[in-house]
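K.L.:
dropping a prediction and its sequence here:
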Amino acid sequence: MSTMTNLTDSLNQERAVLIDAIKDLPDDFLERKGVIGEWSIKNVLAHLVSWERAVTDFLPERIATGVRPAIFAVISDDEDGWNAKQVASREHLTVREQFDELQQSRQALLQVLRATGEETLNREHPWPEWKGTVAAYVLDSVGGHESEHREAVLAGVARLRDV
């Protein structure tokens, strides 16, 4: 099996667990603030979109040059502020629109990864601070991030159902 197939399967499996846990919940549950910290489940989806889009945007140049993306410094300076701004920029979306945006961001990432090609996905140590492959970076950066938030969402869903 190809690296691209493995990467796609892993990312899609991670996403499916998240979506399956929330797809049948009423919109008012998904929009309820304070379920995951100050955020609603919809806000977490917006956060996931923001990061996935950031990775999609910076990855081609990072692969080509190895240069650390400028967005890293912005986020590092005020991660909570960056996250709040990104989530607020999607607050106007309906739950269904947020689901659509989540799907669109994944498709955009996969398109970039397909264009990258197998050889590049398998490149070891592509930049100084990353020892693994490009594919492992994407899986960690996007899939790992999603997994972390998925656990919080699943806990939030359990609390909502108990109420």
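P.N.:
Received it, and whenever you're ready, just let me know what you need. Just so we're clear, the structure is a prediction, and the values are computed from it rather than from any experiment.
K.L.:
so which elements touch the least confident helix or strand in the chain by mean pLDDT?
P.N.:
Least confident helix or strand of the chain, by mean pLDDT, DSSP states H and E, is helix 145-162 with a mean of 92. Other elements packing on helix 145-162 under the criterion 3 or more Cβ pairs under 8 Å, 6 or more residues apart in numbering; DSSP states H and E are helix 3-22, helix 41-65. Every residue, glycine included, has its C-beta placed from N, CA and C.
K.L.:
could you identify which of the ones you listed is most buried?
P.N.:
Looking across these with neighbours counted as mean count of other Cβ atoms under 10 Å, the highest average goes to helix 41-65: a mean of 19.
K.L.:
what angle do helix 3-22 and it make with each other?
P.N.:
Helix 41-65 and helix 3-22 are oriented at 170 degrees to each other (axes from the mean of the first three to the mean of the last three Cα atoms, to 10 degrees).
K.L.:
and helix 41-65, how far out from the chain middle?
P.N.:
If you compare the mean C-alpha spot of helix 41-65 with that of the full chain, they lie 6 Å apart, counting by Cα atoms, centre = their mean, to the nearest Å.
K.L.:
what average pLDDT does that helix get?
P.N.:
Taken as a whole, helix 41-65 has a mean pLDDT of 97.
K.L.:
give me the helices and strands touching that helix, please.
P.N.:
helix 27-30, helix 70-77, helix 79-88, helix 95-116, helix 134-138, helix 145-162.
K.L.:
so for Asn43, which of these sits nearest?
P.N.:
Closest to Asn43 of these is helix 79-88 (Cβ to Cβ; 4.9 Å).
K.L.:
returning to what we had before: please produce a markdown table containing the helices and strands packed on helix 41-65, extended by mean neighbour count and distance to Val49.
P.N.:
Shown next, in a markdown table, are those (neighbours: other Cβ atoms under 10 Å; distance: least, Cβ to Cβ, whole Å):
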| stretch | mean neighbour count | distance to Val49 |
| --- | --- | --- |
| helix 27-30 | 16 | 14 |
| helix 70-77 | 12 | 15 |
| helix 79-88 | 14 | 8 |
| helix 95-116 | 16 | 5 |
| helix 134-138 | 22 | 16 |
| helix 145-162 | 15 | 11 |
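K.L.:
make CSV out of those helices and add distance to Gln13.
P.N.:
Putting the helices and strands packed on helix 41-65 into CSV (distance: least, Cβ to Cβ, whole Å) gives the following:
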stretch, distance to Gln13
helix 27-30, 22
helix 70-77, 27
helix 79-88, 25
helix 95-116, 12
helix 134-138, 14
helix 145-162, 10
